[in-house]
Structure formats: structure tokens, C-alpha cells
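K.L.:
predicted model, plus sequence, below.
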Amino acid sequence: MSREEIIEKVNDFLIDEIEIDSDLIKEDALLKDDLKIDSLDFVDIVVIVQRVFGFKMKPEDMGPVKTLSQFYDYIEAKTK
Amino acid sequence: MRRVVITGMGIYSCIGTTLEQVRESLYNGTSGIGIDPERKEFGYRSPLTGIVSRPALKGLLDRRLRSSLAEECEYAFMATKDAFADSGIDADYLDNNEVGIFYGNDSTAKAVIESNDTVRANKDTMMVGSGSIFQSMNSTVTMNLSTIFKLRGVNITVSAACASGSHSIGLGLMFIRHGLQDMVVCGGAQETNLYSMESFDGLSAFSVRTDDPTRASRPFDAGRDGLVPSGGAATVILEEYEHALKRGAKIYGEVAGYGFSSNGGNISQPSDVGCEIAMSRAMADAGVMADGIDYVNAHATSTPQGDAFEAMALDRLFAAHNTPISSTKSMTGHECWMAGASEIVYSMLMMQNSFVAPNINFERPDEYSKNLNIAVKTIGRKIDTFLSNSFGFGGTNSAIVVKKI
């Protein structure tokens, strides 16, 4: 899967399923502070990522992932 | 003693989702019963059910709030939103005043079954998502409504089988009467999904009169063959009388008496003595005698046994006074955890509009109901005081008396 495809799929589920305002979707957006993704949203994102990308995210993997761009990187690395 | 009044009502049921729709259905004797073909395929003995549509909540509640709502919570949200609006309570009021909640609910079947199915399939608990726990607990309705409406008073789910909604109103009455709260949201909610009624159906307690679904629920009729399950939610806003007057609230009526009892015996078989104790206690609490009751909204669900025991108790208390009696379950089916609250709303609409709704499908009395004045058709009648019964498995009984103010 190309990075462009990953970005498109991530953005789609953040907007459609997590219902984040599309205007807030920017590469440097902070997941917690800008996108307001909290611990309960994270549980739902784990379920969605499993469905969309076919792997199980681990909570401990997310420590260094602060921005949306880093989240794309993380998905890209896991799906390679 | 502090007096307690109803200042708002909301209803989401198979006979209407607004007070006006429901009033019209009650007046016209319109049934909300139909067939759910999926039930037969699934293994139910009876596919009969109240037909309740799911509300569309996107746009009304954000994702976080919606994801925690089980089906019964969606109904309860709609009923409570409307009840607050009816009572003139807005977000600003709730921010500045302490409001409590007692709400009847006694199952979360779909949420529990579906989350377990997901874990079994995935061997991973995280795959159930964040909302599952908040949907699965029996207190799901009160935990969600208190979060959505930012309630800061008493916050307790009442689980008392098919008397849950009625006891919630009784407990709200007590809390306000004793000065613990000035305003309490009371009600009952009932899920109607495929999983919600399977074990109840397994008792052969449901009517199998499927040739004409609207004639299946026939409380007190000699030809009754079982109840028809149903659901939705009903909410009433209970408020201390002076408090309601001060803020200029609309006052529907006074919750004047609450009576309760437990049969102390069989888990499924009702007791005429237990029913009578609850009714007598409610009337004594309200300071009225049986001849002061203008209408009785019976619990009668259309089961052969249950209706017979209630009829015996009603016969002893009301036959001599020729008190009009009807079971609105003839139209709605048995709304179970919701019924005790919805039937207060139904009776209040009758009181407000001076009529007694019919006990549809009552064609032939049996030996127990033969002396009762059961309303076979809509009766124009001024109602100043009514009594509403609710009884449940395990022998829990509740009766509420409401007076016009």
C-alpha cells in the first residue's frame, strides 16, 4: 500500500468514523491536543485499523506517535 | 409534607413518538403490534412484537456520546430530551441546578451478546471497541443520560423486572418528598432487538395469534393466549410543587401515592394479595379510597395467569365502585422495564384530555374479569385521580396514584 493510499484511508476513517472535523486534518496536527483523540477514541481506532489495515495496534507502540504524520509513518511501517 | 408533581413528559413507543401521536393512538385504540419475521427464523416461538423505529441520532449527539448508547438508551435519550423540553428545562438550567435520575432498565441483552460474539471470534477483548462496556452494564441508561444531560443529583438505575419504570417514579417521589432532591428524571426503557426477548419467549409466555397481530394482545379477555413484547422509553420530570410553581412550570398532575410489595414466593407466578397490598398502600399514601379512583390503568399483560391474579385483586378493590379499568398493553404490548413509566404517561394523557383509552380486543370476560368495568371502547370521562399498576417477575409490585392539581 502506498503512503498516499494510507493517508487517504486514515483521513477517511478519522473524518467518517471518529468524526473529526476535516479542517483539522493536517500532517502536523497533534493527535491529542489538536484532534482531541482520547484513550477511548484510541480503542476504537485499534478496531478500525485492524479492519482497514489488517494488523493489531499495540498501546505501547503509540508512545512516540504524537502527530498525524507520525501516525501515517507508523501505519506505513507496520503494513510494509 | 413536600408535594411532588409531574412537569414534563416524553415518550418513544410503538404507538407514537410524540405526546400528540400517542394521545391520538390511545383515543382511537390504535395498536402498535406487528410481526418481526427475523424472530421466527432465529428460533422464537412467536414473532409478534411492538414495532419501534430506531431514532437517528447523528447530528443530535456527538460520536463519543452515541457510541455508548445501547438501543434502549437511544429511546431513553429521545424521551428524556422531549420531557426536558416539555418541562421548559434547558442546558443552562441543568448547568445551574442539581437534577437527579432514577430510571428503570433490566437488561442489555444485545450489547452483551454482541460484544461476547466479537471476543469469541477475535480472541481479543479490545476488538469490542470503547462503547461496549457503557452499553453492556445494566445501568447503561442512567450512566448515559446523566452524562448527556450533565445531571448532578441522585443517579441510580432501578432494576425491578416489569415494575422497573413504576418503582423509578415511586423512588423519585420519595427523594423529592423527603427533601433530598427538587427535581428528578424518572422513567423506563426497554430494548426490542432480536436478542432481548429470546429467553422470555422460551417460557411460551408470548401470544402466537399471528394471523392478526393487532388482535393478539387481549388483556382480561377469556381468549388471551399470552403477552406481546414491546419497548421504547418513557420519561417524566418529577418536581417539588413549590419549586415548579416558582419557575412557572406546566403542571400535569401530582404524584400523590406510591405503593409497593413483594409476593414472597413463586418467581413467575403473580399474587392477587401482593397486587392488592401495593394498590392499597398507594391509595393510603395518596389519601384516597377506592371510590376516589376515577380510572385504573391495569398491569394486565394478556397472559392467562397474570391477568387472572390482577383481576382478583381489582375485583376486591374496585368492582363495587364500577371503576373504569383498561390495560393499554392491549395496544402497546408489554413494554416491560418501560411499562410502569409509559403507562403513567398514557394515563396522564387520558387525564389531561378527559377520556379512558380502550382495552382493545376485550370481547369476552373470564370468571375473574366478569365483574370488572373494563373499557371496551373509548369513554369520555373526567379523570381527577388515577391509579397505575406494574408487577414483575420475582413478585415485585408497584402502584402509583396521580391526582389532578
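P.N.:
Sure thing, it's come through.
K.L.:
so where is chain A shaky, pLDDT-wise?
P.N.:
Within chain A, no stretch has pLDDT under 70.
K.L.:
would you mind listing what in it touches chain B?
P.N.:
A:Glu17, A:Ile18, A:Glu19, A:Leu40, A:Asp41, A:Val43, A:Asp44, A:Val46, A:Val47, A:Gln50, A:Lys56 (CB under 8 Å from any CB of the partner chain). Backbone N, C-alpha and C define where each C-beta goes, glycine included.
K.L.:
am I right that the last one is in a helix?
P.N.:
No. A:Lys56 sits outside any helix when classified using DSSP: H, G, I helix; E, B strand; the rest coil, being coil.
K.L.:
check contacts around it.
P.N.:
Counting by CB atoms under 8 Å, 6 or more residues apart in numbering or on different chains, A:Lys56 touches A:Val46, A:Val49, A:Gln50, B:Asp124, B:Met126.
K.L.:
among the residues you listed, which are in helices?
P.N.:
Here DSSP state H is the test, and those give A:Val46, A:Val49, A:Gln50 as lying in helices.
K.L.:
all helices in the stretch 101-250 of chain B, in order from the N-terminus.
P.N.:
Under the criterion DSSP state H, counting those that start in this stretch, the stretch 101-250 of chain B contains helices at B:109-122, B:132-136, B:140-148, B:164-177, B:198-201, B:241-246.
K.L.:
what's in contact with the shortest one?
P.N.:
Meaning helix B:198-201. With CB under 8 Å, 6+ apart, helix B:198-201 has contacts from B:Arg39, B:Phe42, B:Gly43, B:Tyr44, B:Arg45, B:Ser46, B:Ala109, B:Phe206, B:Pro229.
K.L.:
could you pick out the buried ones from these?
P.N.:
B:Arg39, B:Tyr44, B:Arg45, B:Ser46, B:Ala109, B:Phe206, B:Pro229 (16 or more other CB atoms under 10 Å in any protein chain shown).
K.L.:
now the third one. Nearest residue, chain neighbours left out?
P.N.:
The reference is to B:Arg45. B:Asp201 (5.4 Å; CB to CB, 6 or more residues apart in numbering or on different chains).
K.L.:
again with B:Arg64
P.N.:
Counting by CB to CB, 6+ apart, the residue nearest B:Arg64 is A:Leu40, at 6.9 Å.
K.L.:
hang on, the one you found packs against B:Ser130?
P.N.:
Yes. Checked against CB atoms under 8 Å, the pair A:Leu40 and B:Ser130 is within contact range at 3.9 Å.
K.L.:
the residue nearest to B:Arg45: neighbouring residues, count only.
P.N.:
21 (other CB atoms under 10 Å in any protein chain shown).
K.L.:
how near is it to chain A?
P.N.:
32 Å (CB to the nearest CB, to the nearest Å).
K.L.:
next one, pLDDT for that residue please.
P.N.:
On pLDDT, B:Asp201 comes in at 97.
K.L.:
one step back: could I get the contacts of A:Lys56 as a markdown table with distance to B:Phe318?
P.N.:
Converted to a markdown table, the contacts of A:Lys56 look like this (distance: CB to CB, whole Å):
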| residue | distance to B:Phe318 |
| --- | --- |
| A:Val46 | 59 |
| A:Val49 | 63 |
| A:Gln50 | 61 |
| B:Asp124 | 58 |
| B:Met126 | 57 |
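K.L.:
just flag the most distant two among the residues you listed.
P.N.:
Among these, the pair separated by the greatest distance (CB to CB) is A:Val49 and B:Asp124, at 12.7 Å.
K.L.:
so is whichever residue of the stretch 301-405 of chain B sits closest to chain A in a helix, a strand, or just coil?
P.N.:
In the stretch 301-405 of chain B, no residue comes nearer to chain A than B:Trp337, which is 27.0 Å away by CB to the nearest CB. Here B:Trp337 is recorded as helix under three-state DSSP.
K.L.:
correct me, but it touches B:Gly187?
P.N.:
No. B:Trp337 lies out of contact with B:Gly187 (CB under 8 Å); the separation is 9.8 Å.
K.L.:
those two - which one has more neighbours?
P.N.:
B:Gly187 (38 against 33).
K.L.:
could you count how many residues lie near the closest residue to the more buried one other than its chain neighbours?
P.N.:
The shortest distance from B:Gly187 to any non-neighbouring residue, by CB to CB, 6+ apart, is to B:Thr235 (3.8 Å). For B:Thr235, the tally of surrounding residues (other CB under 10 Å) stands at 35.
K.L.:
now do the contacts for B:Thr235.
P.N.:
So B:Thr235 contacts B:8-11, B:76, B:79-80, B:82-83, B:103, B:185-187, B:341 (CB under 8 Å, 6+ apart).
K.L.:
from chain B, how far off is A:Gly63?
P.N.:
From A:Gly63 to chain B the distance is 17 Å (CB to the nearest CB).
K.L.:
how about the buried ones among the contacts of helix B:198-201 in a markdown table, adding distance to B:Lys250 and pLDDT?
P.N.:
What follows is those, written out as a markdown table (distance: CB to CB, whole Å; pLDDT from 0 to 100):
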| residue | distance to B:Lys250 | pLDDT |
| --- | --- | --- |
| B:Arg39 | 40 | 98 |
| B:Tyr44 | 42 | 98 |
| B:Arg45 | 45 | 98 |
| B:Ser46 | 40 | 98 |
| B:Ala109 | 36 | 98 |
| B:Phe206 | 38 | 98 |
| B:Pro229 | 33 | 98 |
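K.L.:
which residues do B:Trp337 and B:Gly187 both contact?
P.N.:
B:Gly104, B:Gly165.
K.L.:
quick check, stretch B:66-82 touching chain A?
P.N.:
Yes. Stretch B:66-82 is in contact with chain A by CB under 8 Å from any CB, via B:Ser67.
K.L.:
so how far is that stretch off the chain centroid?
P.N.:
15 Å (CA atoms, centre = their mean, to the nearest Å).
K.L.:
before we move on, what about stretch B:301-310?
P.N.:
17 Å.
K.L.:
which single one of the buried ones among the contacts of helix B:198-201 is nearest to chain A?
P.N.:
Nearest to chain A among the buried ones among the contacts of helix B:198-201 is B:Ala109, at 21.6 Å by CB to the nearest CB.
K.L.:
quick revisit: sec struct for the residue nearest to B:Arg64, please.
P.N.:
Per three-state DSSP, A:Leu40 ends up helix.
K.L.:
tell me which residues touch the nearest residue to B:Phe206 once chain neighbours are set aside, please.
P.N.:
Excluding its sequence neighbours, the residue lying closest to B:Phe206 (CB to CB, 6+ apart) is B:Ser46, at 3.8 Å. The contact partners of B:Ser46, by CB under 8 Å, 6+ apart, come to B:Arg39, B:Asp201, B:Phe206, B:Ser207, B:Val208, B:Thr210, B:Gly226, B:Val228.
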